[in-house]
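# my questions concern the predicted model and sequence given below.
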Amino acid sequence: MKNFSVLLLAVVFVLGVSSVFVVAEGQRGIVFQFKKIKRDSAGEMVVYEPGLHFKVPFIESVKKLDARIQTLDEAPDRFVTAEKKDLMVDSYVKWRIVDFSRFYLRTSGNFDNASALLKQKVNNGLRTEFGTRTIQEIVSGERDDLMAKALESAVSSRDDLGIEVVDVRVKAINLPNEVSNSIFERMRAERNAVAKEHRSKGQEQSEVIRATIDAKVTVMLADAQKSAFEIRGEGDALAAKVYADAYNKDPEFYSFFRSLEAYEKSFNSKNDIMVVKPDSDFFHYLKDTAKAK
């Protein structure tokens, strides 16, 4: 009897635990009866709010759905602008479930299915907005208007999927890799051409400046040499005049002084040997001096 009581209490405990379920804050619950959605008397799906609820054990089961704001952020997609240019657009969507019964009926409660359907709807709106604008319009300040229009186009998701799109944002807009590479190569070629043109102009100016300086240096050297010749000529003329004036004042003394200078230079070294006639004019003053003695 005692074992039976323990068994009965265990069964009651299991049934009690199985008949209670808790829906946490930020969640909603849907109850299934034999794998069919539980509905109220009006035929509407019953959605359980956060709190403690009861169900029939082993007959009813509960599926909980996240009621918080979700983020749809996947790989960038390719869009075409009004001038038929491709762009890689990286965007994200903030959304949440507002009609849980409709959401479950359309997606079977699978958030991946909901994300795929929502992404297609949002991308269609973005593709329409990008297709009516040029690249210059998109990057020059119309991005906010573009996102607002895309958000408006996603409003129908409420009726289709039971989803409210809270926000649509474009994070980055880039050119495709193949287009970016070709543009970078063209820009690099243009910059190289400009640099080469600047270098050639600089080289040309360098040659002109160098030639101008060389011409100025040549003229300055010629003027300096001319001035040197003129000064040297004037000096030689002045020296000749001084010699002439000195000679005219006392020709005999001048001749004697010049002879002494010649003797000094001639007999400067003891190894000097001269072979001259004794009656040569070179010894004129020496002979006169000997006679005087």
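Structure received. Numbers count the residues shown, from 1 in each chain.

# in three-state terms, label Pro57 for me.
coil (DSSP: H, G, I helix; E, B strand; the rest coil).

# isn't it up against Val31?
No. In terms of C-beta atoms under 8 Å, Pro57 does not count as a neighbour of Val31; the distance is 12.0 Å. C-beta coordinates here come from the backbone N, C-alpha and C atoms, glycine included.

# any figure for the gap between the most centrally placed residue in the chain and Ala172?
Nearest residue to the geometric centre of the chain (C-alpha atoms, centre = their mean): Phe184, 11.7 Å. Distance of Phe184 to Ala172, computed by C-beta to C-beta, to the nearest Å: 17 Å.

# show me the contacts for the closest residue to Val139 other than its chain neighbours.
Leaving aside its chain neighbours, Val139 sits nearest to Ile173 (6.7 Å; criterion: C-beta to C-beta, 6 or more residues apart in numbering). Listed by C-beta atoms under 8 Å, 6 or more residues apart in numbering, the contact set of Ile173 reads 87-90, 138-139, 143.

# ok, which stretches of this protein are helices?
Using DSSP state H, the helices assigned to the chain run over residues 2-18, 100-107, 111-131, 135-139, 143-153, 157-161, 177-249, 251-266, 284-292.

# distance to Lys38 and mean pLDDT added to the ones you listed, as TSV?
Converted to TSV, those look like this (distance: least, C-beta to C-beta, whole Å; pLDDT from 0 to 100):
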stretch	distance to Lys38	mean pLDDT
helix 2-18	16	66
helix 100-107	11	84
helix 111-131	22	85
helix 135-139	49	77
helix 143-153	35	78
helix 157-161	21	77
helix 177-249	52	85
helix 251-266	143	72
helix 284-292	157	54
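
# among those, which comes closest to Glu25?
If you check each of the helices of the chain against Glu25 by C-beta to C-beta, helix 100-107 wins as the nearest, at 15.3 Å.

# need the nearest residue in space to Gly51, chain neighbours excluded.
Spatial nearest neighbour of Gly51, chain neighbours left out: Val23 (6.1 Å); criterion: C-beta to C-beta, 6+ apart.

# that neighbour touches Ile30, doesn't it?
No. Using C-beta under 8 Å, Val23 makes no contact with Ile30, being 9.9 Å away.

# find the residues that touch each one of the two.
Overlap of the contact sets of Val23 and Ile30 (by C-beta under 8 Å, 6+ apart) consists of 48, 64.

# re the thing from before, can you pull the pLDDT of the residue nearest to Val139?
Note on Ile173: pLDDT of 81.

# for Val168, same thing?
86.

# what is the burial count for it?
23 (other C-beta atoms under 10 Å).

# my read is that it contacts Leu151, right?
Yes. The criterion here is C-beta under 8 Å, and Val168 meets it with Leu151 at 4.6 Å.

# you'd agree Met45 is up against Gln33?
No. Contact criterion C-beta under 8 Å: Met45 and Gln33 do not qualify, at 11.9 Å.

# neighbour count for these two, which is higher?
Per other C-beta under 10 Å, whichever of Met45 and Gln33 has more neighbours is Met45, with 16 against 13.

# skip the chain neighbours and tell me the closest residue to the more buried one.
The shortest distance from Met45 to any non-neighbouring residue, by C-beta to C-beta, 6+ apart, is to Ser101 (3.6 Å).

# and Glu234, how close does it get to Asp223?
To Asp223, Glu234 is 16 Å away according to C-beta to C-beta.

# look up the residues forming beta bridges with Ile37.
For Ile37, the beta-bridge partners are Phe32 (DSSP bridges).

# one step back: can you lay out the contacts of Ile173 as JSON lines showing distance to Arg78 and neighbour count?
Compiled in JSON lines, the contacts of Ile173 are given as follows (distance: C-beta to C-beta, whole Å; neighbours: other C-beta atoms under 10 Å):
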{"residue": "Leu87", "distance to Arg78": "7", "neighbour count": "19"}
{"residue": "Met88", "distance to Arg78": "6", "neighbour count": "17"}
{"residue": "Val89", "distance to Arg78": "8", "neighbour count": "19"}
{"residue": "Asp90", "distance to Arg78": "11", "neighbour count": "15"}
{"residue": "Ile138", "distance to Arg78": "14", "neighbour count": "22"}
{"residue": "Val139", "distance to Arg78": "17", "neighbour count": "12"}
{"residue": "Arg143", "distance to Arg78": "17", "neighbour count": "16"}
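
# can you put those residues in JSON lines and add distance to Ile163?
Listed next are those as JSON lines, based on distance: C-beta to C-beta, whole Å:
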{"residue": "Leu87", "distance to Ile163": "26"}
{"residue": "Met88", "distance to Ile163": "26"}
{"residue": "Val89", "distance to Ile163": "21"}
{"residue": "Asp90", "distance to Ile163": "21"}
{"residue": "Ile138", "distance to Ile163": "27"}
{"residue": "Val139", "distance to Ile163": "30"}
{"residue": "Arg143", "distance to Ile163": "24"}
